[in-house]
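Trainee: need a structure here:
(one chain, ligands or ions: 1)
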Amino acid sequence: MTDNPALCAALDHNVPVLPIFIDDQGVGDQPQNGGASNVWLHHSLAALHQDLQDRLVLFKGAARDVFEQLADQFEITAVHWNRMYEPAPIARDKALKQWLTDQNIEVESHNGSLLFEPWTIEKKDGGPYKVFTPFYRKGCLNAEPPRTPLKAPDKASYVGKKVDGAVGLDDLKLLPKLKWGATICEGWDISEAGARARWDRFVEDGLYNYKKGRDRPDKQFVSRLSPYLHYGQISPHQLWAALDHYDQDQNVAHFRSELGWREFSAYLLYHFPTLPEQNFQPQFEGFTWSKNEEFVRRWQKGQTGVPIVDAGMRELWTTGYMHNRVRMIVASYLTKNLRQDWRDGLAWFEDTLFDADLASNSASWQWVAGTGADAAPYFRIFNPVLQGEKFDPEGDYIRAHVPELRDVPKSYLYAPWDAPKDMREKYGLDGSNYPEPMVDLKQSRKDALAAYEHHKEAR
Ligand code: FAD
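Mentor: Down below sits the predicted model:
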């Protein structure tokens, strides 16, 4: 309800407002959400319904059909919505806008989710930026500052009557049959109040440790606000403005710049809509990823035999979240050591992350794979053993997510395959309790580099 420009604009008309949500997944060109996203959406809609005094009205189907039905029942003065910036919703909303205009209905879309409209940030030559630092520093920080967040409306008048064609929340069938759909929600309060509580906790524990601490998956130094940002339970404008109340030190600046990465991802997808499907750098076209379904399956299940990778993949499956540092490690392992296509990783994240976001997910996978805009070069291959030692120095993160390794001494926790035979037997590191590694890290690194060199020469 806070900082919701479409809702505020609708209420400004001083006529009763009908707050609606249309689930059009899979209708026409509209994409299907991943499983975790739908779990989040279900609980978000329940919470929003409550915040709106039980007045949220739900529909399932094509947006245009829903509006035709509504126009038969109501004298619609105006329609307001908050913009989406992904290719399929943009096309849908453009067509809908035209149709509503043709019906003589006033229609306006608003910016509820980005600090900077993607079409307003451009290089001197008028083209879009492809590199983060100039995008953020020259583009965003020199642009018109983000608008002040809007207060939640203090009084509102909603349409009271029953609406034909509306469905109940359960009719949307957003929750999976698997018990997983309930267990991943543990520890999350999926509501606007939950977002505010997360922010308060982050300010207390994380903000002043953020610059260095954000790399530590074993600590509570990051905000975990990404799903709330994706679903609009908190807006980047609220965070940007809230940061003004604290010392403008390097931690605050760094947190702002991470919001900048979110903007950059949305910007890239807006200007380069094939980002989720095609290598951003065309020189990667024709690069041979080795197709191995067993590798992908074991990676998804956190059964690779590399502790920090397995910890990350299990954190994802059990909580719908994975720490950013570990996202980079597991993505590097999949695309470099296992040489699987980044699109396979993207699809799994899309299905299992609460914060699955077409822009950030595509931009980040391409970044790690080395194929993206301003990407880490392909030859930068994370060593998951060193990464574990450096960023999970006590092994708390690994032990929390891989219980088979709970009692393994720290000296072998990051590379259990190096443990002496008797220890491997004692802790079941020989595959009886915890899997042996699928590939040799050194050899697979060499193979990845050789494949890359071969591809460069063949072009
Ligand atoms: P914090 O560190 O608290 O940062 C605050 C906010 O800044 C985040 O909530 C997020 O909105 C934004 N942010 C931080 N880092 C990044 C980043 N690198 N790129 C874009 N925005 C960022 N993020 C998603 O929101 N959705 C995704 O689907 C997604 N997929 C990813 C896939 C891979 C392979 C990688 C390496 C990263 C991905 N990220 C994605 C980016 C990043 O990992 C998450 O935004 C971050 O971990 C969310 O946790 P947080 O809210 O605690 O972040």
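
Trainee: Contact residues of the protein facing the ligand?
Mentor: Contacts of the chain with the ligand, taken as Cβ under 6 Å from any ligand atom, map to 214, 222-226, 229-230, 258-259, 261-262, 265, 324, 327-328, 331, 349, 353, 355-357, 360-361, 364-365, 368. In this view, the C-beta of every residue, glycine as well, is placed from N, C-alpha and C.

Trainee: would you list every one of the strands in the stretch 1-150 of the chain?
Mentor: Remark: strands assigned in the stretch 1-150 of the chain by DSSP state E, counting those that start in this stretch are 20-23, 57-60, 78-82, 106-110.

Trainee: Turn the ones you listed into TSV, columns for mean pLDDT.
Mentor: Below are the strands of the stretch 1-150 of the chain laid out as TSV (pLDDT from 0 to 100):
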stretch	mean pLDDT
strand 20-23	98
strand 57-60	98
strand 78-82	98
strand 106-110	98
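
Trainee: what's downstream of the lengthiest helix in the chain, the next helix or strand?
Mentor: If you go by DSSP state H, the chain has its longest helix at helix 250-271. For helix 250-271, the succeeding helix or strand toward the C-terminus, using DSSP states H and E, is helix 293-301.

Trainee: what's the following helix or strand past that next one packed up against?
Mentor: Helices and strands here follow DSSP H and E; after helix 293-301, the next one along the chain is helix 307-319. Judged by 3 or more Cβ pairs under 8 Å, 6 or more residues apart in numbering; DSSP states H and E, helix 307-319 is in contact with helix 293-301, helix 324-332, helix 342-352, helix 384-391, helix 396-401.

Trainee: Apply 6 Å and report the result again.
Mentor: helix 324-332, helix 384-391, helix 396-401 (3 or more Cβ pairs under 6 Å, 6 or more residues apart in numbering; DSSP states H and E).

Trainee: got the buried residues for the last one?
Mentor: Right, helix 396-401. 397, 398, 399, 401 (16 or more other Cβ atoms under 10 Å).

Trainee: just how off-centre is the following helix or strand past that helix within its chain?
Mentor: Later in the chain than helix 396-401, the nearest helix or strand by DSSP H and E is helix 410-413. Distance of helix 410-413 from its chain centroid, counting by Cα atoms, centre = their mean, to the nearest Å, is 32 Å.

Trainee: Going forward, the N-terminal residue is numbered 630.
Mentor: Okay, residue one is now 630; in that scheme the one you just asked about reads as helix 1039-1042.

Trainee: Can you show me the CA trace of the helix or strand just after helix 1039-1042 as PDB?
Mentor: Once helix 1039-1042 ends, the next helix or strand along the chain (criterion: DSSP H and E) is helix 1050-1055. Taking only C-alpha atoms (Å, rounded to 0.1, in the frame of the first residue of the first chain), the coordinates of helix 1050-1055 have been written out as PDB:
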ATOM      1  CA  LYS A1050      41.200 -42.800   3.700                       C
ATOM      2  CA  ASP A1051      40.300 -43.600   7.400                       C
ATOM      3  CA  MET A1052      38.600 -40.200   7.700                       C
ATOM      4  CA  ARG A1053      36.800 -40.600   4.500                       C
ATOM      5  CA  GLU A1054      35.400 -43.900   5.700                       C
ATOM      6  CA  LYS A1055      34.600 -42.500   9.100                       C
END
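
Trainee: distance between helix 1050-1055 and the chain's centre?
Mentor: For helix 1050-1055, the distance to the chain centre is 40 Å (Cα atoms, centre = their mean).

Trainee: same check, this time on stretch 644-652
Mentor: For stretch 644-652, the distance to the chain centre is 26 Å (Cα atoms, centre = their mean).

Trainee: which residues sit against that stretch?
Mentor: With Cβ atoms under 6 Å, 6 or more residues apart in numbering as the test, stretch 644-652 has contacts from 639-640, 681, 684-689, 692, 695, 706, 786-788, 801.

Trainee: list the helices and strands the longest helix of the chain packs on?
Mentor: Checking 3+ Cβ pairs under 6 Å, 6+ apart, helix 879-900 ends up next to helix 839-842, helix 987-998.

Trainee: what's next to that helix, contact-wise?
Mentor: For helix 879-900, using Cβ under 6 Å, 6+ apart, the contacting residues are 714, 743-745, 747, 757, 761, 764-765, 836-837, 839-840, 865, 872, 875, 904, 988-989, 992, 1002.
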